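S.K.: Make a model of this:
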Amino acid sequence: MATLSSFVKMPAEKQQALGLVFTPREIAQQPDTWETTLGIFQENQEQICSFLDQIGLRGPVEKRPVVILVGAGTSDYIGQALTLLLRQSWGCEVLACPSTDLLPNLEDYIVPGRNYLWISFSRSGDSPEGVAVLERAIQFYPEIAHLIITCNADARMIAVCKHATHSCVVVLDAAVNDRSLAMTSSFTNMVVMGQCLAHAWSIEEYRPILHRLVRAGRQFLVSGAEEAERLASRGFSRICLVGSGSLFSVAKESALKVLEMTAGQVKTMSETVLGLRHGPMAALDDQTIFVCFVSQDHRRALYARDLLREVGEKGITAERIAVGPASEEAEIKSCCESYLSIHDEIPDAYRPALDVIFGQLLGLYCSVFHQLKPDAPSPDGVINRVVQEFGIY
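M.R.: Model (predicted):
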């Protein structure tokens with residue numbers, strides 16, 4: 001069995017030859033780095049809270065800014081993972097808008113007279129869309145406040161933000177500025193920073209939640225790797241992942257990880273638990289691995305159970321895997337071939353950083369199975385670590 005630790009401990013020459021220098025280590029380090037990210041928030045807490053107070057985030061509900069979470073690709077999924085948590089914690093309208101859509105359609109998203117806070121997430125802080133849309137927003141809508149979350153202290157977005165009327169920048173530890181093509185620890189650490197923001201004025205309430213995430217994450221690295229290796233060895237050609245609420249972002253990001261790390265050799269799709277029946281189920285076949293992220297909430301989990309059962313009764317997948325809380329295992333285990341259990345009670349809003357580890361591991365082991373190099377799985381350079389420059393209009 002090729003454990004995750006065996007990849008990390010592999011001789012350097014072999015890691016280099018197999019393209020395993022960065023990806024396994026960046027996946028494995030995640031639970032430990034989450035504690036560091038909490039520490040970075042605490043170091044910047046006074047500055048962050050002052051900024052958020054200044055723009056009225058704790059003012060009368062009707063006057064609070066509309067919060068737009070901005071990012072491209074995986075960084076967009078960070079926003080989607082945080083939308084519901086921030087909406088409930090901050091008591092204001094929060095929506096995730098990809099910079100890839102904001103850039104060409106900026107004027108359609110901004111309502112004159114409303115107050116806005118943009119929170120931009122970017123591993124490199126150098127993506128063409130992220131930089132360009134930030135420049136355009138500062139030029140044409142100077143009243144928008146900007147909070148930048150990045151893993152790169154030299155990010156172009158930081159320099160651009162110096163021209164904003166209201167801005168704040170938080171830089172995460174350099175260790176999570178992933179060197180691999182696929183974002184892994186940068187994704188989960190920016191999610192954790194977003195969860196810290198949700199508890200900006202009461203961070204001690206978040207600490208026990210993070211401790212449960214760290215404990216569960218360490219366990220999940222082992223059980224998730226075993227399951228991911230087993231599934232990858234089956235050589236399936238498709239994977240469908242579903243989840244609801246915050247867990248839908250996990251399905252999306254996991255699908256992207258498998259697609260990126262296999263250079264498209266494994267086709268992927270993602271949907272909501274209830275949305276799959278509305279057409280997308282037609283794409284499932286006997287070469288499809290079906291992964292369902294099951295809610296911590298029992299009522300929501302019942303929808304996942306029924307979908308898993310229906311998919312099985314129709315015989316339209318190769319195998320069904322559920323990822324969910326231990327409390328739901330007895331209810332759902334009979335409706336799938338495998339159940340990956342999370343033993344700590346963690347509300348759905350906080351689970352993206354944890355559950356996505358399975359998608360990352362699935363991408364890693366599928367990449368190895370297809371004899372690709374996980375660190376740089378696109379041999380023809382179709383995709384790159386940072387999107388290459390293109391025309392901005």
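S.K.: Give me the three-state assignment for the residue nearest to C161 when sequence neighbours are not counted.
M.R.: Excluding the flanking residues, the one nearest C161 by C-beta to C-beta, 6 or more residues apart in numbering is S167, at 4.4 Å. Backbone N, C-alpha and C define where each C-beta goes, glycine included. What DSSP: H, G, I helix; E, B strand; the rest coil gives for S167 is strand.
S.K.: looking at it, S167 is touching L147, isn't it?
M.R.: Yes - counting by C-beta atoms under 8 Å, S167 touches L147, with 7.3 Å between them.
S.K.: Neighbour count for those two, which is higher?
M.R.: Ranked by neighbour count (other C-beta atoms under 10 Å), S167 and L147 place L147 first, with 23 against 19.
S.K.: shouldn't that one be in contact with I119?
M.R.: Yes - here L147 reaches I119: they are 4.6 Å apart, a contact under C-beta under 8 Å.
S.K.: I'd like to know how far H298 sits from L276.
M.R.: Relative to L276, H298 is positioned 20 Å away (C-beta to C-beta, to the nearest Å).
S.K.: no, scratch that, I was asking about E331
M.R.: Applying C-beta to C-beta to E331 and L276 gives a distance of 19 Å.
S.K.: And I346, by the same measure?
M.R.: From I346 over to L276 (counting by C-beta to C-beta), the distance is 24 Å.
S.K.: Mind checking which of those two has more residues around it?
M.R.: Per other C-beta under 10 Å, whichever of I346 and L276 has more neighbours is L276, with 22 against 19.
S.K.: quick one, what contacts that one?
M.R.: C240, V242, L307 (C-beta atoms under 8 Å, 6 or more residues apart in numbering).
S.K.: I'd like the residues you listed as a markdown table, with distance to D380 and neighbour count appended.
M.R.: A markdown table is the format used below for the contacts of L276 (distance: C-beta to C-beta, whole Å; neighbours: other C-beta atoms under 10 Å):
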| residue | distance to D380 | neighbour count |
| --- | --- | --- |
| C240 | 26 | 26 |
| V242 | 31 | 28 |
| L307 | 37 | 23 |
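S.K.: In helices, which of those residues fall?
M.R.: Per DSSP state H, helices hold the following members of the contacts of L276: L307.
S.K.: wait, which of the contacts of L276 is closest to G217?
M.R.: Nearest to G217 out of those is V242 (C-beta to C-beta; 21.9 Å).
S.K.: Can you check the pLDDT for that closest one?
M.R.: Note for V242: predicted pLDDT of 98.
S.K.: Please apply the same query to E389.
M.R.: E389 is assigned 77 on the pLDDT scale.
S.K.: Over to V382?
M.R.: For V382, pLDDT reads 71.
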